[in-house]
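Chemist: My questions concern the predicted model and sequence given below.
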Amino acid sequence: MKDIEVMIDLENIVRQHQESLNRLIAYSVRGMLYPDSFTLELAKMQKQTLSKCLAHVPENEKEILLSQLERL
């Protein structure tokens, strides 16, 4: 039951930040397709989006999540 609650919470976070996530995905894809256009703007968007999403992650899980993101 706890797993279902966690999945619902995560889905709510994604929905709340859907516009930012969509923009981030679009810029990321553009950066992969056209590496010359990879800009500081993309890095700033990524940081903003991750910061917004991390605000919803419990403190005891932030370090684990950040280490997993670094591996990616």
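Modeler: Yep, that arrived.

Chemist: Just the helices from the protein, written as ranges.
Modeler: Assigned by DSSP state H, the chain shows helices spanning 2-16, 18-33, 40-54, 59-71.

Chemist: For the ones you listed, please prepare CSV with the additional fields mean neighbour count and mean pLDDT.
Modeler: Any C-beta I mention is one placed from the backbone N, CA and C, and that applies to glycine too. Converted to CSV, these look like this (neighbours: other C-beta atoms under 10 Å; pLDDT from 0 to 100):
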stretch, mean neighbour count, mean pLDDT
helix 2-16, 10, 83
helix 18-33, 13, 79
helix 40-54, 13, 77
helix 59-71, 9, 79
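
Chemist: dump the residue contacts of Val57.
Modeler: Listed by C-beta atoms under 8 Å, 6 or more residues apart in numbering, the contact set of Val57 reads Leu65.

Chemist: how far away is it from Glu11?
Modeler: Val57 is 14 Å from Glu11, where distance means C-beta to C-beta, to the nearest Å.

Chemist: And for Ala26?
Modeler: Counting by C-beta to C-beta, the gap from Ala26 to Glu11 is 21 Å.

Chemist: What of Thr49?
Modeler: Note on Thr49: its distance to Glu11, by C-beta to C-beta, is 17 Å.

Chemist: same deal with Leu33?
Modeler: Leu33 is 29 Å from Glu11, by C-beta to C-beta.

Chemist: Check Asn60 too.
Modeler: The spacing between Asn60 and Glu11, counted by C-beta to C-beta, is 21 Å.

Chemist: Centroid-nearest residue for this protein?
Modeler: Leu50 (4.3 Å; C-alpha atoms, centre = their mean).
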